[in-house]
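Trainee: Got a sequence here, can you model it:
(chains A and B)
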Number of protein chains: 2
Amino acid sequence: MEQLTALLARIPPPRTPALVVRRAALEANLAAMQAACDAAGVRLRAHGKMHKASAIGRMQVARGAVGLCCQTVGEAEAFAAAGIADLLVTAPVPPWGAAPLAALAAAGYRVAAVADSPAQVARLADAATALGTTLGLLVDVDLGQRRSGVPPAEAPALARLAAAAPGLRFEGLQCYLGHLQHHAQRAAAHAAAVAELARLVEALRAAGLAPATVTGGGTGTAPLDLASGVFTELQAGSYAFMDVQYAEAGAEFAPALFLATAVVSATHRTHVTVDAGLKALAADGPPPRVVAGAPEGSRFRFQGDEHGAIVHPAALPHLATAADTLALAGAVARLDCDSGFRPDPPLPPEGALVWLQPGHVDPTVNLHAALFLADEDGALARVAVDARRAA
Amino acid sequence: MEQLTALLARIPPPRTPALVVRRAALEANLAAMQAACDAAGVRLRAHGKMHKASAIGRMQVARGAVGLCCQTVGEAEAFAAAGIADLLVTAPVPPWGAAPLAALAAAGYRVAAVADSPAQVARLADAATALGTTLGLLVDVDLGQRRSGVPPAEAPALARLAAAAPGLRFEGLQCYLGHLQHHAQRAAAHAAAVAELARLVEALRAAGLAPATVTGGGTGTAPLDLASGVFTELQAGSYAFMDVQYAEAGAEFAPALFLATAVVSATHRTHVTVDAGLKALAADGPPPRVVAGAPEGSRFRFQGDEHGAIVHPAALPHLATAADTLALAGAVARLDCDSGFRPDPPLPPEGALVWLQPGHVDPTVNLHAALFLADEDGALARVAVDARRAA
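Mentor: Down below sits the predicted model:
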């Protein structure tokens, strides 16, 4: 942490708030996950939805990933435009999405989609045949997430449909256990799901529909996914940057992503106000962690679109809840009037930088047009977040 | 609502998810707020942070607004680039922000900033004099929000500093009562704050520092702000589009902003999955409302980055909490196995559009690169959200 603090002190981003990725930590994470996949004989297909930055995706491919996962059609288009050749869209696409995916395939990219209904299979087949091309097709299987996917019992029929459809290349199964990624007791639930998935693979094999690919998994379940013997492809994404949420879930990757934010107001004894709020940090996960630039134990609280409070640890016991701005106001009024309240060490002065680790990486990166790769000497390289929604 | 449903049925956005603004409702909101301001003799300075779309800002100026508020330096630059001539940045800017604001002033725009410390005043003065130009300066006063701003007792000293600083044009006071915008008992608290603000104005006048401008207010307190006799300028933003949060707080403007999202998976009896999640809808406010395309009483729940669930009203009593995906999974498994559960009317089929009203407008619009203005005949015009953070 001292080393990190020293590095961050060397980095003044051109503007704040700014996302900064520590390149050494990123490289260590990319190498660790690739090595774990290689050791297990599982292909790594890194999930591009996490970073939406084709430059990071190209780094993953250059280090051994077979390609990228995309969560949207737009991500697939952006990654393809940046030269990433092998793409899988990991969610059923809306009706308008079949044609653009077929267009990518017709342009020479290897593109696969997932489906959980006969109508989706038919649309993808129609779009591909209309352009004289072929789309990969994986049957999306639901083993507890209840988001998309057919129950295992319905998968063989859909696989048969896909295998017989013109314009489609039946590739196998996708099963994303999203509900287990941060689950404390995930090992037992994962074992049960994998056993069911193995039975489905066996049933397909017996029916002459052997799935060449079984794709799924994530940063939270990666050790279990790789040891399962069922998954042939891992879809992890967050491991590259990490966040508070996955750190709390025990994922053993290095924190690589930080937000630099500037103190813009320091008129209270309890907290200072920084220029990072709901439009710089996603609010759905755990709160961002204060990692440098403020007294140890300081906490971040949202204060609107473009502002947050860095609350001094000595003031925390006076706050009612983590989310209640009115409680913050009350505590501040009380403590500012109490002449005995002089927190030590002091909060950073106006103009200083405070460094945060985001709570939930994917929607946080999505709030930024760019991020900065930082070398250990503090040199910054701008990387565009070029796969954000453009429509 | 029937009229709205009929309109929405005529609109197929080119891709989903897509933000659609009903032009008639927007125009009615713009006209109503402008008329209220005109009647009160208060200037309207619409807050551009809400829409971050210069085309909407130009509509507001064309209908009588004196200019726009910005929450960031980047917004000021983007709005200026689009030809909006009069801009106020409503939060103290970080150290790097003084120079770009001075550059805008040097380029001929009327630009004002706020400050709550002598250091900020000095930085803005230095930046302006360095370019041989002048920046407007308002003293930021805190009357309970505890975000930025000096206590009233410290305002005169800062006003004197600003009035004497080369390169600065002392314009008056800013006081944003952000903590009262959605507060149920806001009338009494507002009256107390306004009384204190009036005393400060009087003190400044007596000291020869009469504030030409007292700017502040918002959609939630607008009737109180306009009736106060103290504010000369209203900073409201959300009134133009509206959202669930302000509707719940009693703001009387028409819902103008909707999100069109497509059903991408329909494999359960309890809910369907749509292609709008944390990257299309802000998660910090109340949940989005389902306004069309699904049975009355259906509820939206986040299901990750790019997905949400539209839960059938008959399934709602079985869900443990509004936010717990695991509880959703459990309820789904239970109800899908219970052959007696056949909700009526049915949920929309895969491929159908569902229309939502966002919970919190500002951070939701910020997730999109564009929004679509819809005429009553369903014709769509694309408007860029061109003031999003670019760095």
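Trainee: Get me the contact residues on the stretch 151-300 of chain A for chain B.
Mentor: A:151, A:178-179, A:183, A:262-268, A:271, A:273, A:275, A:278-280, A:282-284 (C-beta under 8 Å from any C-beta of the partner chain). Every C-beta, even on glycine, is put in place using the N, C-alpha and C of the backbone.
Trainee: can you do 10 Å?
Mentor: A:151, A:154, A:176, A:178-183, A:189, A:237, A:261-268, A:270-275, A:277-280, A:282-285 (C-beta under 10 Å from any C-beta of the partner chain).
Trainee: Tell me the residue of the stretch 101-250 of chain A that sits nearest chain B?
Mentor: Using C-beta to the nearest C-beta, residue A:148 is the residue of the stretch 101-250 of chain A that sits closest to chain B, at 3.6 Å.
Trainee: thinking again about what came up before, please narrow the residues of the stretch 151-300 of chain A next to chain B to those residing in helices.
Mentor: residue A:189 (DSSP state H).
Trainee: Tell me, how many residues neighbour the closest residue to the residue of the stretch 101-250 of chain A closest to chain B other than its chain neighbours?
Mentor: Distances taken as C-beta to C-beta, 6 or more residues apart in numbering or on different chains put residue B:265 closest to residue A:148, at 3.6 Å, once the chain neighbours are dropped. Residue B:265 sits with 28 neighbouring residues when counted by other C-beta atoms under 10 Å in any protein chain shown.
Trainee: Enumerate every residue touching residue A:318.
Mentor: A:270, A:311, A:327, A:328, A:330, A:331, A:332, A:334, A:335, A:338, A:341 (C-beta atoms under 10 Å, 6 or more residues apart in numbering or on different chains).
Trainee: That should have said residue A:74, apologies.
Mentor: A:52, A:97, A:100, A:387, A:388, A:389, A:390, A:391, B:15, B:306, B:369.
Trainee: could you redo the last one with a cut-off of 8 Å?
Mentor: For residue A:74, the contact set (C-beta atoms under 8 Å, 6 or more residues apart in numbering or on different chains) comprises A:387, A:389, A:390, A:391, B:15.
Trainee: Three-state assignment for the third one, please.
Mentor: Here residue A:390 takes the coil state, with states given by DSSP: H, G, I helix; E, B strand; the rest coil.
Trainee: so it sits right up against residue B:382, yeah?
Mentor: No: if you go by C-beta atoms under 8 Å, residue A:390 and residue B:382 don't touch, sitting 11.0 Å apart.
Trainee: residues shared between the contacts of these two?
Mentor: residue B:370.
Trainee: Next one, pLDDT for residue A:251 please.
Mentor: The per-residue pLDDT reported for residue A:251 equals 89.
Trainee: and it, backbone torsions?
Mentor: Reported as degrees, to the nearest 10, the phi and psi values for residue A:251 are phi -70, psi 130.
Trainee: quick one: pLDDT of the residue of the stretch 101-250 of chain A closest to chain B?
Mentor: 95.
Trainee: And for residue A:202, the neighbour number?
Mentor: Counted with other C-beta under 10 Å, residue A:202 comes out at 11.
Trainee: Packing partners of the helix or strand harbouring it?
Mentor: Element membership of residue A:202 [criterion: DSSP states H and E] is helix A:186-206. Using 3 or more C-beta pairs under 8 Å, 6 or more residues apart in numbering or on different chains; DSSP states H and E, the elements in contact with helix A:186-206 are helix A:155-164, strand A:168-175, helix A:222-227.
Trainee: Can you say which of those is packed in most?
Mentor: strand A:168-175 (a mean of 24; mean count of other C-beta atoms under 10 Å in any protein chain shown).
Trainee: out of everything not next to it in sequence, what's closest to residue A:363?
Mentor: According to C-beta to C-beta, 6+ apart, the nearest residue to residue A:363 is residue A:282 (3.6 Å).
Trainee: from what I can see that neighbour touches residue A:356, true?
Mentor: No: counting by C-beta under 8 Å, residue A:282 stays clear of residue A:356, with 11.9 Å between them.
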